[in-house]
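A.B. asks: Below is the structure, and that's it, no one-letter string:
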């Protein structure tokens, strides 16, 4: 993870450890995570209160990020949980680490 912002990222939002997951892609993770946190994004994340950024991964191009997002959405839930726990074993909200 880098200090250069904004950057292209694939990310996962949740409401709690082992809770529902949303996988998305964005060119500005800080702004997008903020929108989810504040309920500004209609749809699945707002309906289920997915306000915690629990995982993200940087990419150099949007094409690569979109491909990764599609791949992650096909993976089994247990695999996604393991992916989160590799970098975030406590399921902490990573948003504060982005904004300082």
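C.D. replies: The structure has been received and is ready for your questions. Not measured: the values here are computed from a predicted model.
A.B. asks: Next secondary structure after the helix or strand harbouring residue 9?
C.D. replies: According to DSSP states H and E, residue 9 maps onto strand 8-14. Next helix or strand after strand 8-14 toward the C-terminus (DSSP H and E): strand 21-26.
A.B. asks: ok, that next one: who's next to it in the sheet?
C.D. replies: strand 8-14 (antiparallel) (DSSP bridges).
A.B. asks: hmm, back to that, neighbouring contacts of the strand holding residue 9?
C.D. replies: Outside strand 8-14, the residues that touch it by C-beta atoms under 8 Å, 6 or more residues apart in numbering are 20-27, 29, 32-33, 36, 45, 50-62, 65, 68-69, 72, 80, 84, 91. The way it works is simple: take the backbone N, C-alpha and C, and place the C-beta from them, glycine included.
A.B. asks: What subset of these is buried?
C.D. replies: By neighbour count, with 16 or more other C-beta atoms under 10 Å, the contacts of strand 8-14 hold 21-26, 29, 32-33, 36, 45, 50-57, 59, 65, 68-69, 72, 80, 84, 91 as buried.
A.B. asks: if we can go back for a sec, measure how far the strand holding residue 9 is from the centre of its chain, please.
C.D. replies: With C-alpha atoms, centre = their mean, to the nearest Å as the basis, strand 8-14 stands 2 Å off its chain's centre.
A.B. asks: So residue 39 sits against residue 48, correct?
C.D. replies: No - using C-beta atoms under 8 Å, residue 39 makes no contact with residue 48, being 11.1 Å away.
A.B. asks: tell me how far the helix with the most length in the chain is from the chain's mean position?
C.D. replies: Identified as the longest helix of the chain according to DSSP state H is helix 62-74. Its chain's average C-alpha position is 12 Å from that of helix 62-74, according to C-alpha atoms, centre = their mean.
A.B. asks: No more questions from me, cheers.
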